[in-house]
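In: got a sequence here, can you model it:
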Amino acid sequence: MEEKTALTIKETAKAFNFPEFAIRTLVKRGAFPVIQVGNRCYIVRSVFEEYLKTGGEKYAASC
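Out: Sure thing, here's the model as predicted:
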């Protein structure tokens with residue numbers, strides 16, 4: 001099965017075995033960029049993986 005690039009908060013929690021409430025808190029704090037579509041929030045898998053690898057460092061956007 002092909003992995004999705006962008007995940008909902010619930011899908012992210014399940015894929016990374018991470019508490020859903022914690023992901024919602026991180027999104028509200030702006031810990032990493034998300035894709036907001038209406039009232040839905042999508043998290044790019046690679047961005048969240050990098051966030052976890054760096055130990056929760058603030059995301060630094062690169063151009």
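
In: going forward, measure contacts and count neighbours with C-alpha atoms only.
Out: Noted.

In: the longest strand anywhere in the chain pairs with which strands, parallel or anti?
Out: Longest strand in the chain, counting residues (DSSP state E): strand 40-44. Looking at strand 40-44 with DSSP bridges, its partner strands are strand 6-8 (antiparallel), strand 35-37 (antiparallel).

In: now those strands in a markdown table, with mean pLDDT, mean neighbour count and distance to residue 16?
Out: Output for those, formatted as a markdown table (pLDDT from 0 to 100; neighbours: other CA atoms under 10 Å; distance: least, CA to CA, whole Å):
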| stretch | mean pLDDT | mean neighbour count | distance to residue 16 |
| --- | --- | --- | --- |
| strand 6-8 | 95 | 18 | 11 |
| strand 35-37 | 94 | 10 | 18 |
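
In: I'd like to know which of these is closest to residue 29.
Out: strand 35-37 (14.3 Å; CA to CA).

In: for that closest one, the distance to its chain's centre please.
Out: Distance, stretch centre to chain centre, for strand 35-37: 12 Å (CA atoms, centre = their mean, to the nearest Å).
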